[in-house]
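K.L.:
pasting the structure only:
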């Protein structure tokens with residue numbers, strides 16, 4: 001639920017568009033609160049920045065007061081949709097079965113899901129990060145074909161690191177990312193594993209991004225609080241290893 005006003009949302013969208021230049025090498029996607037989608041789309045203009053919905057419901061229409069469908073967000077200009085974000089799992093009780101339905105509905109609608117997976121602090125302390133990720137992948141991507149998988153992005157977000165300022169050690173993050181890629185190799189194919197984009201989320205800042213992006217299996221970042229600060233966000237948008 002950030003930012004909190006339309007004016008702030010438009011200003012942040014404008015800053016994002018201005019920070020994205022012809023020299024920006026990465027794909028930039030912003031997950032916008034539903035009520036700001038149309039206004040933000042206008043501010044982004046032809047900058048090349050793409051929009052994601054923060055969630056959807058898995059039905060097309062009906063008596064589901066307060067819910068948003070995949071076709072609604074698509075008509076507002078979204079190309080991507082988050083699924084399984086840790087806050088949706090913990091606060092709104094999205095289970096793996098509903099996340100799977102959201103992913104399959106998004107794919108059917110022509111949207112690209114960004115599937116968030118990750119372990120709690122207790123699970124991390126118990127050395128279960130890899131196991132948790134593999135279980136969530138198995139359930140959340142049930143019946144997703146290899147062709148459909150080419151339109152999916154994975155975001156590994158250790159739950160204990162989100163919004164806490166606690167940073168997952170880059171080497172540890174790399175180990176989990178490698179395990180995730182291995183799961184795709186086993187479940188789908190070596191080609192699918194090579195092609196899948198696996199991003200990291202959890203207290204990503206301009207100061208921490210460099211060591212994260214040095215890791216061979218980390219393909220990008222899911223940025224939280226730093227994306228609300230135009231200066232920090234611009235630095236992350238234009239991050240380069242060169």
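P.N.:
Cool, the structure landed. Computed from a prediction, not measured in an experiment: that's the story for all the values here.
K.L.:
Bridge partners for the spatially most central residue of the chain, pull those for me.
P.N.:
Geometric centre of the chain, nearest residue: residue 114, 4.6 Å, by C-alpha atoms, centre = their mean. Note on residue 114: beta-bridge partners by DSSP bridges are residue 82, residue 153.
K.L.:
now it: how far from residue 106?
P.N.:
9 Å (C-beta to C-beta, to the nearest Å). In short, each C-beta sits where N, CA and C put it, glycine included.
K.L.:
Return the set of buried residues in the lowest-mean-pLDDT helix or strand in the chain.
P.N.:
When each helix and strand of the chain is scored by mean pLDDT, DSSP states H and E, helix 121-125 comes last, with a mean of 91. Within helix 121-125, the residues that qualify as buried are 123, 124, counting by 16 or more other C-beta atoms under 10 Å.
K.L.:
So which elements touch the next helix or strand after that helix?
P.N.:
Counting by DSSP states H and E, the next helix or strand C-terminal to helix 121-125 is helix 129-140. Judged by 3 or more C-beta pairs under 8 Å, 6 or more residues apart in numbering; DSSP states H and E, helix 129-140 is in contact with helix 96-109, strand 112-117, helix 170-187.
K.L.:
in helix 129-140, what's buried?
P.N.:
129, 130, 132, 133, 134, 136, 137, 140.
K.L.:
quick one: that helix to chain centroid distance?
P.N.:
16 Å (C-alpha atoms, centre = their mean, to the nearest Å).
K.L.:
where does this structure dip in pLDDT?
P.N.:
Along the chain, segments meeting pLDDT under 70 span 165, 242.
K.L.:
ok, back up a step: so what touches the least confident helix or strand of the chain?
P.N.:
When contacts are defined by C-beta atoms under 8 Å, 6 or more residues apart in numbering, helix 121-125 is touched by residues 129, 132, 158, 159, 160.
K.L.:
Strands of this structure, start to end?
P.N.:
29-32, 50-53, 78-83, 112-117, 153-156, 197-201, 221-222 (DSSP state E).
K.L.:
Now distance to residue 170 too, for the ones you listed, in JSON lines please.
P.N.:
Below are the strands of the chain laid out as JSON lines (distance: least, C-beta to C-beta, whole Å):
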{"stretch": "strand 29-32", "distance to residue 170": "22"}
{"stretch": "strand 50-53", "distance to residue 170": "25"}
{"stretch": "strand 78-83", "distance to residue 170": "23"}
{"stretch": "strand 112-117", "distance to residue 170": "18"}
{"stretch": "strand 153-156", "distance to residue 170": "12"}
{"stretch": "strand 197-201", "distance to residue 170": "9"}
{"stretch": "strand 221-222", "distance to residue 170": "12"}
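K.L.:
Neighbours of the closest residue to residue 29 other than its chain neighbours, how many?
P.N.:
Nearest non-adjacent residue to residue 29, counting by C-beta to C-beta, 6 or more residues apart in numbering: residue 50, 4.7 Å away. A count of nearby residues for residue 50, using other C-beta atoms under 10 Å, gives 15.
K.L.:
Surely residue 50 and residue 111 touch.
P.N.:
No: Residue 50 is beyond contact range of residue 111, at 11.0 Å (criterion: C-beta atoms under 8 Å).
K.L.:
got any residues that touch both of the two?
P.N.:
With C-beta under 8 Å, 6+ apart, residue 50 and residue 111 have common neighbours 79, 80.
K.L.:
re the thing from before, out of the contacts of helix 121-125, which is nearest to residue 3?
P.N.:
residue 159 (23.5 Å; C-beta to C-beta).
K.L.:
Can you give me the neighbour number for the closest one?
P.N.:
For residue 159, using other C-beta under 10 Å, the count is 22.
K.L.:
Name all residues that make contact with it.
P.N.:
Contacts of residue 159 by C-beta under 8 Å, 6+ apart are 86, 90, 118, 119, 120, 121.
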